[in-house]
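Participant: Sharing a sequence plus its predicted fold:
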There are 2 protein chains.
Amino acid sequence: MTRKIPDSTVRRLSHYLRSLEGFQEPGGTVSSEELAARGQTTAAQVRKDLSHFGSFGKRGLGYRVDELRAHLRSILGIDRRWRVALVGAGRIGLALFEYPAFRARGYDCVAIFDPDPEKVGTVRAGLVVHDPSGFEDAVRDLGIELVILAVPEGAAQEMAGRAVEAGVKGILNFAPIRLNVPPLVPVEDVNLVMELEALSFAITQAGHEE
Amino acid sequence: MTRKIPDSTVRRLSHYLRSLEGFQEPGGTVSSEELAARGQTTAAQVRKDLSHFGSFGKRGLGYRVDELRAHLRSILGIDRRWRVALVGAGRIGLALFEYPAFRARGYDCVAIFDPDPEKVGTVRAGLVVHDPSGFEDAVRDLGIELVILAVPEGAAQEMAGRAVEAGVKGILNFAPIRLNVPPLVPVEDVNLVMELEALSFAITQAGHEE
DNA sequence: CGCGGCTTGTGAAAAACTTCACGAATGTAG
DNA sequence: CTACATTCGTGAAGTTTTTCACAAGCCGCG
Ligand SMILES: NC(=O)c1ccc[n+]([C@@H]2O[C@H](COP(=O)([O-])OP(=O)(O)OC[C@H]3O[C@@H](n4cnc5c(N)ncnc54)[C@H](O)[C@@H]3O)[C@@H](O)[C@H]2O)c1
Ligand SMILES: NC(=O)c1ccc[n+]([C@@H]2O[C@H](COP(=O)([O-])OP(=O)(O)OC[C@H]3O[C@@H](n4cnc5c(N)ncnc54)[C@H](O)[C@@H]3O)[C@@H](O)[C@H]2O)c1
């Protein structure tokens, strides 16, 4: 049923899901038009996006809110819980792990690793910080599937390699480098400097256009 | 010379720039092939991206590293310094403002706003936290051009509106909502939950493909 | 100075993605 | 039961972005 789904489609699906959450009556229905209005896109785009995965609507009526929500959660793979480890208990990593919305969205924070002697043994975000030497064992014992990698640039590739080797299924990477991992293991990069640069580009560009 | 530059091109330019930073001899040259290798793209793509803005290379030789770096910085609008304010001195906002790479990249943190009485008056990231009531004056007096918006969902639209009204030129938004601002003011959204969902989608999908 | 090995810059072709437009369902009202 | 007003699902058309392929330019060397 599904072949190659555009990246942009996945992003929009995530948006649709969020739009549905903050919705009036869960028993109600929503049209592609309404959904598009909340997402900076078009009704046709909404329908096309969804059509990659099946037919979830009723003609003349729209989509049942609760039903579509369940389908989206299933499509995005969050109709289950994911076990997540934080590697690097620094500023950005802890900000994430202390953010309540993650748990609410299906991601369970189950372990934190950091070699800093001042952090090992202390409690952060409700978890004891462990030295990375025990990382591989923990992946196995705790069934860790996702890693949030928030370590300094120099340590990122090494820890990514160890994560993959240990059987981790995906990595959310904050280090500003391109990780070298097998193509079967998806990596999402978050590069905040790049976002700022996109902003200054857009501002600067606006002045240059005629 | 420039018309409509694809978003993906801007992201790649940012990448090229970073690749050039960590480069051996600044006097040396680099080919589109080498640049592509570090960026998960192709040589043709590199040349096409750059060709939107001019001809920076020498045939048979490649690009002078220092020269290309200067061009990229100019294209991205970071051949100058930007004055940035943080709105919302929470976990994610402070993680950013305490991150040294921003200053190094041309962004100066000049003010922090937060209404929390326990935070107002204290020093964070080297700056005194101010109540948002003084926001508009500060934008004018300090020449603030960019805002990092890291406030709770409910306050995001209001503060975005105030920022635009006060003359801010761009917003980096962490709140998981679509801000309603005039089209002339660029907004970059950072949505970390969406990144995680893209990850679980990719993992789940891998299982479904035949 | 002319030749040969490289590498850029760029139209043209291909691929990917978005928008259009309309037939087919579905519910409602009379 | 029929007419009607909706809204989906989807092939086809249109647009954007990427890839291809090659002439043109540059360097070094004999
Ligand atoms: N803070 C930001 O706003 C920001 C923005 C963009 C990118 N980043 C990137 O995110 C990463 C983390 O940034 P940060 O600001 O949180 O840094 P930080 O210095 O606050 O935290 C990094 C943590 O990683 C730990 N660490 C070092 N080696 C490790 C290892 N092998 N295994 C586990 N932990 C290890 C350190 O002890 C430290 O606690 C960096 O790569 C940085 O470039 C951060
Ligand atoms: N922490 C994360 O990892 C994370 C991840 C994704 C998204 N976000 C989003 O980022 C935003 C901030 O998250 P956080 O975790 O830093 O929250 P936080 O609660 O730690 O910080 C929010 C801060 O904003 C301040 N604030 C409230 N109203 C304000 C106003 N009108 N003007 C200025 N400041 C105001 C609060 O006093 C608080 O200090 C939220 O919208 C959140 O959804 C955070």
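Facilitator: Great, that's in hand. Numbering: from 1, shown residues only, chains lettered A, B, ... in the order given. Ligands and ions are numbered 1, 2, ... in the order given.
Participant: Could you list the low-confidence segments of chain A?
Facilitator: Scanning chain A for pLDDT under 70 picks out A:1-2, A:24, A:26, A:209-210.
Participant: ok, the residue in chain A that ligand 2 sits nearest to - how many residues close by?
Facilitator: Distances between chain A and ligand 2 by C-beta to the nearest ligand atom are smallest at residue A:99, namely 3.5 Å. Bear in mind the C-beta positions are built from the backbone N, C-alpha and C, glycine included. By the measure other C-beta atoms under 10 Å in any protein chain shown, the count of residues near residue A:99 is 19.
Participant: so who does the nearest residue to it once chain neighbours are set aside touch?
Facilitator: In space, and not counting its chain neighbours, residue A:99 is closest to residue B:91: 7.1 Å by C-beta to C-beta, 6 or more residues apart in numbering or on different chains. By C-beta atoms under 8 Å, 6 or more residues apart in numbering or on different chains, the contact set of residue B:91 is A:94, A:95, A:98, A:99.
Participant: One more: residue A:12?
Facilitator: Residues in contact with residue A:12 (C-beta under 8 Å, 6+ apart) are A:39, A:41, A:45, A:46, A:49.
Participant: my guess is the third one is in a strand, correct?
Facilitator: No: note on residue A:45: no strand contains this position according to DSSP: H, G, I helix; E, B strand; the rest coil, which reports helix.
Participant: From DNA strand D, how far out is it?
Facilitator: Per C-beta to the nearest atom of the strand, to the nearest Å, residue A:45 is found 9 Å from DNA strand D.
Participant: Surely that residue is in contact with residue A:36?
Facilitator: Yes: using C-beta atoms under 8 Å, residue A:45 is in contact with residue A:36, at 6.7 Å.
Participant: Which of the two has more residues huddled nearby?
Facilitator: Taking other C-beta under 10 Å, residue A:45 and residue A:36 do not tie; residue A:36 has more neighbours (19 against 16).
Participant: Count the neighbours of the residue in chain A positioned nearest to DNA strand C for me.
Facilitator: Of all residues in chain A, the one sitting closest to DNA strand C is residue A:60 (2.4 Å; C-beta to the nearest atom of the strand). Residues within reach of residue A:60, counting by other C-beta under 10 Å, total 6.
Participant: Pull up the residues of chain A that are close to DNA strand C.
Facilitator: A:4, A:6-9, A:41-42, A:44-45, A:47-48, A:58-61 (C-beta under 7 Å from any atom of the strand).
Participant: that older thread, over to the residue of chain A closest to DNA strand C. Which of the three states is it?
Facilitator: Taking three-state DSSP, the label given to residue A:60 is coil.
Participant: what's the spacing between it and ligand 1?
Facilitator: 48 Å (C-beta to the nearest ligand atom, to the nearest Å).
Participant: Need the phi and psi values for that residue.
Facilitator: phi 80, psi -10 (degrees, to the nearest 10).
Participant: Settle this for me: residue A:112 is touching residue A:90, isn't it.
Facilitator: No: if you go by C-beta under 8 Å, residue A:112 and residue A:90 don't touch, sitting 10.7 Å apart.
Participant: out of these two, which sits in the more crowded spot?
Facilitator: Neighbours per residue (other C-beta under 10 Å) separate residue A:112 from residue A:90, with residue A:112 holding more: 26 against 18.
Participant: That one: what secondary structure?
Facilitator: Classification of residue A:112 by three-state DSSP places it in strand.
Participant: now swap in residue A:48 and tell me
Facilitator: Residue A:48 - assigned by three-state DSSP - is helix.
Participant: so how far is chain B from it?
Facilitator: Distance, residue A:48 to chain B, by C-beta to the nearest C-beta, to the nearest Å: 17 Å.
Participant: re the thing from before, name the nearest of the contacts of residue A:12 relative to DNA strand D.
Facilitator: Once C-beta to the nearest atom of the strand is applied, the member of those that ends up nearest DNA strand D is residue A:46, at 7.5 Å.
Participant: Next, the closest residue to the closest one other than its chain neighbours: phi, psi?
Facilitator: Using C-beta to C-beta, 6+ apart and skipping the chain neighbours, the partner closest in space to residue A:46 is residue A:32 (4.1 Å). Main-chain torsions, residue A:32, degrees, to the nearest 10: phi -60, psi -30.
Participant: So residue A:32 sits against residue A:62, correct?
Facilitator: Yes: judged on C-beta under 8 Å, residue A:32 makes contact with residue A:62 at a distance of 7.2 Å.
Participant: Those two: who's more crowded?
Facilitator: residue A:32 (21 against 18).
Participant: what residues are up against residue A:98?
Facilitator: A:124, A:125, B:91.
Participant: Spell out which residues of chain A are next to DNA strand D.
Facilitator: Residues of chain A lying close to DNA strand D by C-beta under 7 Å from any atom of the strand are A:31-33, A:43-44, A:47-48, A:50-51, A:55-63.
Participant: Show me the strands in chain A, by range?
Facilitator: Assignment of strands within chain A using DSSP state E yields the ranges A:29-30, A:63-64, A:82-87, A:107-113, A:123-124, A:127-130, A:146-149, A:170-173, A:187-189.
Participant: Dump these to CSV, plus distance to ligand 2.
Facilitator: Shown next, in CSV, are those (distance: least, C-beta to the nearest ligand atom, whole Å):
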stretch, distance to ligand 2
strand A:29-30, 23
strand A:63-64, 26
strand A:82-87, 11
strand A:107-113, 11
strand A:123-124, 13
strand A:127-130, 15
strand A:146-149, 10
strand A:170-173, 11
strand A:187-189, 14
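Participant: which one of those has the most crowded surroundings?
Facilitator: strand A:146-149 (a mean of 26; mean count of other C-beta atoms under 10 Å in any protein chain shown).
Participant: Quick check: can you list the domain ranges of chain A?
Facilitator: A:7-75, A:82-193 (automatic domain parsing).
Participant: Turn these into JSON lines, columns for distance to residue B:74.
Facilitator: Formatted as JSON lines, these follow (distance: least, C-beta to C-beta, whole Å):
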{"stretch": "domain A:7-75", "distance to residue B:74": "29"}
{"stretch": "domain A:82-193", "distance to residue B:74": "17"}
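Participant: now for those domains, which one comes closest to residue B:174?
Facilitator: When the domains of chain A are compared by C-beta to C-beta, domain A:82-193 sits nearest residue B:174, at 9.6 Å.
Participant: Start and end of the closest one, how far apart?
Facilitator: End-to-end distance of domain A:82-193 (C-alpha to C-alpha, to the nearest Å): 28 Å.
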